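K.L.:
what would the 3D arrangement of this be:
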Amino acid sequence: MAGRYFLKHRESIHKEDGQGTALPGRLYNERGFYTMDKKQLRNTLLLICAAFIWGTAFVAQSVGSGYMGAYTFLASRSWLACVFLLGMLLVRRAGQKKRGSGLPFWIHGKTLVLGGICCGTALFAASAAQQMGIGTTSTAKAGFMTALYVVLVPVAGVFLGSRPGIKLWCCVAVSVVGLYLLCLAGRDTLSLTGGEWQLLLCALLFTLQILVINHFSPKLDGIQMSFAQFFVVAVLSTVFMFVFETPTLAQLRGAAVSIAYCGIMSSGVAYTLQIVGQKALDPTIASLAMCLESVFSALAGWLILGETLSAAELCGCGLMFAAIVASQLPEKKRDRT
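P.N.:
Residues are numbered from 1 along each chain as shown. Coordinates of the predicted model:
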C-alpha cells in the first residue's frame with residue numbers, strides 16, 4: 001500500500017509536543033500514512049523463521065520424549081546448543097582476526113552474565129511448566145494455553161509503560177480467535193484444572209522470557225546472549241535431570257536425531273533468531289510472529305505425518321497469518337489538531 005505514494009521526507013519525523021503527532025522514527029507520505037518500516041519487517045520475518053523451526057521441531061520433540069524424561073531431553077539439547085553456538089562464536093572470531101579486528105571475544109561481560117541468568121532461568125522454568133502441564137491435559141489445549149503469551153505480552157506492556165495501538169490490539173484478538181479455531185474448536189473445552197493452571201503459568205513465564213529478551217537484546221550480541229541463555233538452561237536442567245530422572249546412554253542413542261535437530265535448529269538457531277529479531281521490535285508484534293509456531297506445527301503434522309486439517313483449523317491458520325500481516329501494514333498518522 002505504502003509503495004503507491006511518494007514520500008514527503010526521507011528522514012524520520014520525530015514526535016512533537018502533543019499537537020499533530022508523528023510517531024518517532026517513522027516515515028510519512030503525502031497522504032498521511034507512515035510507510036512500512038523495513039527493519040521492523042526484517043525482524044518480524046526473522047521471528048517467523050524461528051516460529052517455523054519451533055513448529056517443525058514438534059515432531060522431533062514428540063519422538064525424543066518417547067525415549068527419555070523431559071529434563072534429560074532439555075539438558076541434552078541445551079548442551080548441544082551451547083557447543084553449536086560456541087563453535088559459531090569461534091568461527092566468527094577467526095574471521096575477525098583475519099580482518100584485523102581487535103574486538104574482545106566476550107562483549108559487555110557483566111550485562112551478558114545478568115542477561116543469561118535472567119533469560120535462561122525464565123526459559124527453563126517455562127519449558128518445565130509446559131512439560132508438566134502437557135502430561136495432564138490434551139495436546140490441543142496445551143498448545144492453545146501456552147500461546148496465550150500473545151495476549152499477556154501487550155497486557156504486561158501496558159503496566160511497563162508501552163501501550164500498543166488499537167491496530168495491534170485488533171491483531172492480537174484476531175490471532176487468539178485463530179489460535180482457538182486451530183487448537184480447540186470442536187475438539188476440547190476450555191476449563192481450568194490442575195494441568196491448565198500449570199500451562200497458564202507456562203504462558204506467563206514465556207511472557208516474562210519475551211520481555212526479558214526485549215530488554216537485553218538491544219544491549220548484547222545475539223549469538224553471545226543465546227549461548228549464555230542456554231548455558232543457564234543446560235546447568236539447571238542437568239541438576240533437575242539427576243535429581244528426578246535416571247538418564248542412560250541407550251536413551252541418548254535412541255533420541256540422537258531428535259536431540260540433534262532440537263539442539264542445533266530449535267535451540268541454537270531459532271532462539272538466536274528470536275534474540276536478534278526482537279531488537280528494536282515492539283514485543284506485541286514479536287509475540288504475534290512467534291505464536292505462528294502453532295500454525296507451522298499443524299502444517300508440519302499435515303505434510304510430514306499425514307494428519308488431517310479441518311475447515312476450522314485451516315480458517316484458524318488463515319486468521320493468524322492475517323493478523324501478523326496486518327500488524328505490518330501502514331497506518332494513518334494521528335492528527336489531534
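
K.L.:
show me the strands in this structure, by range?
P.N.:
33-34, 331-332 (DSSP state E).

K.L.:
so, low pLDDT: which residues of this protein?
P.N.:
1-37, 101-103, 134-141, 185-195, 305, 330-337 (pLDDT under 70).

K.L.:
could you list the domains of it?
P.N.:
1-35, 39-327 (automatic domain parsing).

K.L.:
how about these in CSV, adding mean neighbour count?
P.N.:
Just so you know, the C-beta spots here come from the backbone N, C-alpha and C atoms, and that holds for glycine as well. Conversion of these to CSV gives the following (neighbours: other Cβ atoms under 10 Å):
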stretch, mean neighbour count
domain 1-35, 13
domain 39-327, 19
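
K.L.:
against residue 114, how distant is the residue positioned nearest the centre of the chain?
P.N.:
In the chain, the centroid-proximal residue (Cα atoms, centre = their mean) is residue 290; its distance is 4.3 Å. The gap separating residue 290 from residue 114 is 23 Å, by Cβ to Cβ, to the nearest Å.

K.L.:
which residues does residue 160 contact?
P.N.:
Counting by Cβ atoms under 8 Å, 6 or more residues apart in numbering, residue 160 touches residue 211.

K.L.:
let's see it at 7 Å
P.N.:
Contact analysis of residue 160 by Cβ atoms under 7 Å, 6 or more residues apart in numbering lists nothing.

K.L.:
same thing with residue 150?
P.N.:
172, 175, 176, 287, 288, 291.

K.L.:
looking at those residues, which is nearest residue 214?
P.N.:
residue 287 (9.9 Å; Cβ to Cβ).

K.L.:
looking at the contacts of residue 150, which one is closest to residue 325?
P.N.:
residue 288 (9.9 Å).

K.L.:
how near is the residue nearest to that closest one when sequence neighbours are not counted to residue 295?
P.N.:
With sequence-adjacent residues excluded and distances taken as Cβ to Cβ, 6 or more residues apart in numbering, residue 288 is closest to residue 324, at 5.0 Å. Going from residue 324 to residue 295 by Cβ to Cβ gives 10 Å.

K.L.:
thank you kindly, that will do.
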